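[1] take this sequence and fold it.
(chains A and B)
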Amino acid sequence: MIKLATWNVNSIKVRLPQVVDWLEREKVDALVMQETKTVDELFPREAFNAAGFECLFCGQKTYNGVALVTRKSAWSSVQNPVLNLPNYPDEQKRFIAADLTHVSGRRLAFAGAYFPNGQEVGCDKFFYKLDWIGALTRYMRSRIKAGEEIVLGGDFNIAPSPEDVWDPVAWKDTILVSEAERGAWRVLLEAGLIDTWTLGLHAPETYSWWDYRQAGFEKNHGLRIDHLLATPKTAAAVSQVWIDTAPRALEKPSDHAPVVMTLEA
DNA sequence: ATGGCGTACACCGTACGA
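    Numbering: from 1, shown residues only, chains lettered A, B, ... in the order given. Okay, here's the model as predicted:
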(Lines give C-alpha, C1' and ligand atoms only; values in the text may rest on other atoms or scores of the structure.)
Protein backbone atom coordinates (compact mmCIF):
# COMPACT_ATOMS: atom_id res chain seq x y z
CA MET A 1 0.00 0.00 0.00
CA ILE A 2 1.19 3.49 -0.88
CA LYS A 3 0.05 6.53 1.05
CA LEU A 4 0.15 9.93 -0.69
CA ALA A 5 -0.92 13.27 0.76
CA THR A 6 -1.18 17.00 0.17
CA TRP A 7 -1.13 19.68 2.86
CA ASN A 8 -1.05 23.46 2.76
CA VAL A 9 1.14 23.98 5.83
CA ASN A 10 1.01 27.82 5.94
CA SER A 11 4.72 28.27 6.77
CA ILE A 12 7.01 25.23 7.01
CA LYS A 13 9.04 26.99 9.71
CA VAL A 14 6.06 27.30 12.02
CA ARG A 15 4.50 23.94 11.12
CA LEU A 16 7.64 21.79 10.94
CA PRO A 17 7.09 19.85 14.20
CA GLN A 18 3.47 19.13 13.30
CA VAL A 19 4.39 18.00 9.79
CA VAL A 20 7.19 15.67 10.91
CA ASP A 21 5.03 14.22 13.70
CA TRP A 22 2.17 13.67 11.29
CA LEU A 23 4.34 12.01 8.63
CA GLU A 24 5.72 9.59 11.21
CA ARG A 25 2.42 8.86 12.92
CA GLU A 26 0.44 8.40 9.71
CA LYS A 27 3.21 6.56 7.87
CA VAL A 28 2.85 8.77 4.82
CA ASP A 29 5.06 7.76 1.88
CA ALA A 30 5.03 11.04 -0.04
CA LEU A 31 3.67 14.49 0.75
CA VAL A 32 3.32 17.64 -1.33
CA MET A 33 3.19 20.85 0.69
CA GLN A 34 2.04 24.33 -0.20
CA GLU A 35 2.69 27.78 1.27
CA THR A 36 6.06 26.85 2.69
CA LYS A 37 6.85 30.61 2.66
CA THR A 38 10.58 29.92 2.87
CA VAL A 39 13.54 30.46 0.54
CA ASP A 40 15.30 27.25 -0.50
CA GLU A 41 18.42 28.06 1.56
CA LEU A 42 16.31 27.94 4.73
CA PHE A 43 14.11 24.93 3.92
CA PRO A 44 14.44 22.54 6.90
CA ARG A 45 15.71 19.60 4.86
CA GLU A 46 17.77 18.16 7.72
CA ALA A 47 14.69 17.66 9.85
CA PHE A 48 13.01 15.72 7.06
CA ASN A 49 16.18 13.76 6.30
CA ALA A 50 16.43 12.80 9.96
CA ALA A 51 12.83 11.59 9.85
CA GLY A 52 13.67 9.40 6.86
CA PHE A 53 12.53 11.61 3.99
CA GLU A 54 14.15 13.09 0.93
CA CYS A 55 13.16 16.65 0.01
CA LEU A 56 12.52 18.66 -3.12
CA PHE A 57 11.47 22.26 -2.71
CA CYS A 58 10.78 25.36 -4.75
CA GLY A 59 10.38 28.31 -2.45
CA GLN A 60 10.53 32.07 -2.19
CA LYS A 61 10.52 34.71 0.50
CA THR A 62 7.28 35.37 2.42
CA TYR A 63 4.74 33.94 -0.01
CA ASN A 64 3.84 30.73 -1.85
CA GLY A 65 6.45 27.97 -2.01
CA VAL A 66 5.97 24.24 -2.55
CA ALA A 67 7.80 21.08 -1.52
CA LEU A 68 7.71 17.32 -2.08
CA VAL A 69 9.03 14.95 0.57
CA THR A 70 9.38 11.23 -0.06
CA ARG A 71 9.99 8.44 2.45
CA LYS A 72 13.38 6.91 1.61
CA SER A 73 12.30 3.38 2.50
CA ALA A 74 9.21 3.52 0.27
CA TRP A 75 10.70 4.58 -3.06
CA SER A 76 13.49 3.00 -5.04
CA SER A 77 13.97 6.19 -7.05
CA VAL A 78 12.94 9.84 -7.17
CA GLN A 79 13.77 11.27 -10.58
CA ASN A 80 13.25 14.18 -12.96
CA PRO A 81 12.38 16.89 -10.46
CA VAL A 82 10.33 19.72 -11.93
CA LEU A 83 10.52 23.02 -10.09
CA ASN A 84 7.69 25.35 -11.13
CA LEU A 85 5.73 25.06 -14.37
CA PRO A 86 8.20 24.66 -17.26
CA ASN A 87 5.87 26.39 -19.72
CA TYR A 88 5.07 29.42 -17.56
CA PRO A 89 7.86 31.73 -16.38
CA ASP A 90 6.73 32.99 -12.98
CA GLU A 91 8.36 34.52 -9.91
CA GLN A 92 5.65 32.88 -7.81
CA LYS A 93 6.66 29.38 -6.81
CA ARG A 94 3.58 27.20 -7.11
CA PHE A 95 4.43 23.85 -8.71
CA ILE A 96 6.67 20.87 -8.04
CA ALA A 97 6.80 17.31 -9.36
CA ALA A 98 8.98 14.23 -9.57
CA ASP A 99 8.80 10.72 -10.99
CA LEU A 100 8.55 8.18 -8.18
CA THR A 101 9.21 4.47 -8.40
CA HIS A 102 7.82 2.58 -5.43
CA VAL A 103 9.74 -0.39 -4.02
CA SER A 104 6.85 -2.53 -5.32
CA GLY A 105 7.67 -1.36 -8.85
CA ARG A 106 4.66 0.95 -9.28
CA ARG A 107 5.64 4.18 -10.99
CA LEU A 108 3.90 7.50 -10.95
CA ALA A 109 4.64 11.16 -11.28
CA PHE A 110 3.62 13.00 -8.10
CA ALA A 111 2.92 16.68 -8.62
CA GLY A 112 2.01 19.35 -6.09
CA ALA A 113 0.35 22.64 -6.96
CA TYR A 114 -0.48 25.80 -5.07
CA PHE A 115 -3.14 27.49 -7.18
CA PRO A 116 -3.34 31.28 -6.95
CA ASN A 117 -6.03 32.46 -4.54
CA GLY A 118 -7.43 35.07 -6.91
CA GLN A 119 -8.48 37.46 -4.13
CA GLU A 120 -11.66 38.70 -5.80
CA VAL A 121 -13.57 37.74 -8.93
CA GLY A 122 -12.60 40.06 -11.78
CA CYS A 123 -9.43 41.58 -10.33
CA ASP A 124 -5.92 41.21 -11.78
CA LYS A 125 -5.08 38.36 -9.43
CA PHE A 126 -8.22 36.55 -10.53
CA PHE A 127 -7.14 36.64 -14.17
CA TYR A 128 -3.64 35.54 -13.15
CA LYS A 129 -5.31 32.60 -11.41
CA LEU A 130 -7.20 31.57 -14.55
CA ASP A 131 -4.10 32.06 -16.68
CA TRP A 132 -1.98 29.98 -14.31
CA ILE A 133 -4.56 27.18 -14.27
CA GLY A 134 -4.50 27.24 -18.07
CA ALA A 135 -0.73 26.76 -18.07
CA LEU A 136 -1.01 23.93 -15.52
CA THR A 137 -3.71 22.29 -17.65
CA ARG A 138 -1.58 22.43 -20.79
CA TYR A 139 1.38 20.98 -18.92
CA MET A 140 -0.68 18.18 -17.40
CA ARG A 141 -2.31 17.43 -20.76
CA SER A 142 1.06 17.06 -22.45
CA ARG A 143 2.32 14.64 -19.81
CA ILE A 144 -0.90 12.64 -19.80
CA LYS A 145 -0.83 12.40 -23.59
CA ALA A 146 2.69 11.03 -23.26
CA GLY A 147 1.15 8.14 -21.34
CA GLU A 148 2.34 9.04 -17.87
CA GLU A 149 0.55 7.99 -14.69
CA ILE A 150 0.17 11.11 -12.55
CA VAL A 151 -1.16 12.10 -9.16
CA LEU A 152 -1.73 15.84 -8.86
CA GLY A 153 -2.30 17.07 -5.33
CA GLY A 154 -2.49 20.51 -3.93
CA ASP A 155 -4.33 23.53 -2.69
CA PHE A 156 -6.48 24.21 -5.73
CA ASN A 157 -8.25 27.20 -4.21
CA ILE A 158 -11.41 25.97 -5.93
CA ALA A 159 -14.42 24.35 -4.27
CA PRO A 160 -15.77 22.26 -7.16
CA SER A 161 -19.38 21.80 -5.99
CA PRO A 162 -21.94 23.39 -3.68
CA GLU A 163 -21.51 20.52 -1.19
CA ASP A 164 -17.87 21.60 -0.87
CA VAL A 165 -18.96 24.92 0.66
CA TRP A 166 -20.38 25.37 4.17
CA ASP A 167 -22.76 28.13 3.05
CA PRO A 168 -23.16 27.90 -0.71
CA VAL A 169 -25.77 30.66 -0.80
CA ALA A 170 -23.54 33.20 0.95
CA TRP A 171 -20.54 32.11 -1.13
CA LYS A 172 -22.35 32.09 -4.48
CA ASP A 173 -20.24 33.60 -7.28
CA THR A 174 -17.44 34.62 -4.91
CA ILE A 175 -13.76 33.76 -5.17
CA LEU A 176 -13.03 29.99 -4.89
CA VAL A 177 -16.51 29.04 -6.13
CA SER A 178 -17.18 31.21 -9.19
CA GLU A 179 -18.33 29.67 -12.45
CA ALA A 180 -15.10 30.72 -14.17
CA GLU A 181 -13.00 28.88 -11.58
CA ARG A 182 -15.21 25.80 -11.65
CA GLY A 183 -15.02 25.87 -15.43
CA ALA A 184 -11.22 25.93 -15.26
CA TRP A 185 -11.39 22.99 -12.84
CA ARG A 186 -13.50 21.01 -15.31
CA VAL A 187 -11.14 21.77 -18.18
CA LEU A 188 -8.23 20.54 -16.08
CA LEU A 189 -10.05 17.29 -15.30
CA GLU A 190 -10.98 16.88 -18.97
CA ALA A 191 -7.27 16.71 -19.72
CA GLY A 192 -7.48 13.25 -18.17
CA LEU A 193 -7.59 13.50 -14.39
CA ILE A 194 -10.12 12.11 -11.91
CA ASP A 195 -10.93 13.78 -8.59
CA THR A 196 -10.29 10.84 -6.27
CA TRP A 197 -12.83 12.30 -3.83
CA THR A 198 -15.58 11.37 -6.29
CA LEU A 199 -14.60 7.69 -6.38
CA GLY A 200 -16.95 7.01 -3.48
CA LEU A 201 -14.17 5.74 -1.24
CA HIS A 202 -14.07 8.53 1.28
CA ALA A 203 -15.80 8.91 4.62
CA PRO A 204 -16.93 11.03 6.29
CA GLU A 205 -17.72 14.18 4.36
CA THR A 206 -15.62 17.09 5.51
CA TYR A 207 -13.90 20.22 4.35
CA SER A 208 -10.16 20.81 3.97
CA TRP A 209 -9.95 24.48 5.00
CA TRP A 210 -11.55 26.51 7.80
CA ASP A 211 -11.06 30.22 8.45
CA TYR A 212 -8.92 31.08 11.46
CA ARG A 213 -11.40 33.85 12.21
CA GLN A 214 -14.77 33.58 13.87
CA ALA A 215 -14.11 30.05 15.12
CA GLY A 216 -14.43 28.66 11.61
CA PHE A 217 -13.24 25.18 12.54
CA GLU A 218 -15.35 24.88 15.68
CA LYS A 219 -18.44 25.87 13.69
CA ASN A 220 -17.37 23.72 10.71
CA HIS A 221 -17.54 26.75 8.46
CA GLY A 222 -15.21 25.31 5.84
CA LEU A 223 -14.50 24.64 2.21
CA ARG A 224 -13.12 21.66 0.33
CA ILE A 225 -10.41 23.28 -1.78
CA ASP A 226 -7.52 20.81 -1.38
CA HIS A 227 -7.60 17.88 -3.74
CA LEU A 228 -5.90 14.74 -5.03
CA LEU A 229 -6.41 14.02 -8.71
CA ALA A 230 -5.15 10.98 -10.58
CA THR A 231 -4.97 9.62 -14.09
CA PRO A 232 -7.50 6.78 -14.68
CA LYS A 233 -5.23 3.76 -14.21
CA THR A 234 -3.84 5.13 -11.00
CA ALA A 235 -7.30 6.22 -9.84
CA ALA A 236 -8.43 2.60 -10.35
CA ALA A 237 -5.83 1.53 -7.78
CA VAL A 238 -6.97 4.01 -5.12
CA SER A 239 -8.37 2.22 -2.08
CA GLN A 240 -9.21 5.09 0.30
CA VAL A 241 -9.36 8.88 0.35
CA TRP A 242 -9.83 11.10 3.37
CA ILE A 243 -9.21 14.49 4.88
CA ASP A 244 -7.41 14.22 8.22
CA THR A 245 -9.02 16.89 10.37
CA ALA A 246 -6.90 16.04 13.44
CA PRO A 247 -4.03 18.44 12.64
CA ARG A 248 -6.53 21.30 12.24
CA ALA A 249 -7.55 20.81 15.88
CA LEU A 250 -4.00 21.17 17.25
CA GLU A 251 -2.60 24.30 18.89
CA LYS A 252 -1.26 26.71 16.25
CA PRO A 253 -2.63 24.74 13.29
CA SER A 254 -2.45 25.43 9.61
CA ASP A 255 -5.83 26.62 8.39
CA HIS A 256 -5.78 23.63 5.98
CA ALA A 257 -6.03 19.93 6.81
CA PRO A 258 -4.11 17.28 4.88
CA VAL A 259 -5.86 15.23 2.20
CA VAL A 260 -4.67 11.63 2.06
CA MET A 261 -5.15 8.64 -0.18
CA THR A 262 -3.99 5.07 -0.28
CA LEU A 263 -3.06 3.27 -3.44
CA GLU A 264 -2.64 -0.46 -3.99
CA ALA A 265 1.05 -1.08 -4.56
C1' DA B 1 -19.52 47.51 5.45
C1' DT B 2 -15.62 46.05 7.93
C1' DG B 3 -12.92 42.84 10.18
C1' DG B 4 -12.41 38.91 12.61
C1' DC B 5 -6.87 35.41 12.69
C1' DG B 6 -2.32 34.01 11.43
C1' DT B 7 2.20 34.56 9.00
C1' DA B 8 6.09 37.32 7.14
C1' DC B 9 8.84 41.36 7.08
C1' DA B 10 10.63 44.70 9.71
C1' DC B 11 7.01 48.75 10.11
C1' DC B 12 5.93 49.06 15.27
C1' DG B 13 1.90 48.81 10.48
C1' DT B 14 1.04 46.54 5.83
C1' DA B 15 0.29 42.68 2.49
C1' DC B 16 -1.88 38.56 1.83
C1' DG B 17 -4.51 34.56 2.40
C1' DA B 18 -9.49 32.14 1.35
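
[2] for A:S104, what are its contacts?
    By C-beta atoms under 8 Å, 6 or more residues apart in numbering, A:S104 lies in contact with A:I2, A:A265. (C-beta placed from N, C-alpha, C; glycine too.)

[3] same thing with the one 3 residues further on?
    By C-beta under 8 Å, 6+ apart, A:R107 lies in contact with A:D99, A:L100, A:T101, A:E149.

[4] the longest helix in chain A is where?
    Assignment by DSSP state H gives helix A:124-145 as the longest helix of chain A.

[5] who touches that one?
    A:85-88, A:90, A:94-95, A:109, A:111, A:113, A:115-120, A:150, A:152, A:157, A:175, A:180-181, A:184-185, A:187-188, A:191-193, A:231.

[6] which residues in chain A form strands?
    Secondary structure of chain A by DSSP state E: the strands cover A:2-8, A:30-34, A:53-58, A:66-71, A:75-83, A:95-102, A:107-114, A:150-155, A:194-195, A:209-210, A:222-223, A:226-230, A:238-243, A:259-263.

[7] so which of those strands is the most surrounded?
    strand A:30-34 (a mean of 29; mean count of other C-beta atoms under 10 Å).

[8] what about A:E190, neighbour count?
    Neighbour count of A:E190, defined by other C-beta atoms under 10 Å: 10.

[9] tell me how far it lies from DNA strand B.
    For A:E190, the distance to DNA strand B (C-beta to the nearest atom of the strand, to the nearest Å) stands at 24 Å.

[10] against A:G183, how distant is that residue?
    10 Å (C-beta to C-beta, to the nearest Å).

[11] before we move on, what about A:E205?
    Taking C-beta to C-beta, one finds A:E205 at 24 Å from A:G183.

[12] residue nearest the middle of chain A, spatially speaking?
    What sits nearest the mean C-alpha location of chain A, by C-alpha atoms, centre = their mean, is A:G154, with 1.4 Å.

[13] contacting residues around it?
    Here A:G154 is in contact with A:T6, A:V32, A:Q34, A:V66, A:A111, A:G112, A:A113, A:Y114, A:F115, A:D226, A:H227 (C-beta under 8 Å, 6+ apart).

[14] what do you get for A:A74?
    By C-beta under 8 Å, 6+ apart, A:A74 lies in contact with A:I2, A:D29, A:A30, A:H102, A:V103.

[15] ok, and which of those residues reach DNA strand B?
    The subset of those within reach of DNA strand B, by C-beta under 7 Å from any atom of the strand, is empty.

[16] return the closest of these with respect to A:L199.
    Among the contacts of A:A74, A:I2 lies closest to A:L199 (C-beta to C-beta), at 15.7 Å.

[17] so that closest one touches A:V103, yeah?
    No. Between A:I2 and A:V103 there is no contact under C-beta atoms under 8 Å: 9.5 Å.

[18] who in chain A is up against DNA strand B?
    A:8, A:10-11, A:13-14, A:35, A:37-38, A:61-63, A:116-117, A:119-120, A:125, A:155, A:157, A:175-176, A:209, A:211-214, A:223, A:225, A:252, A:255-256.

[19] under the pLDDT cut-off, which ranges of chain A? List them.
    In the predicted model, chain A carries no residue with pLDDT under 70.

[20] mind redoing it with 80?
    A:202-203 (pLDDT under 80).

[21] fine by me, thanks again.
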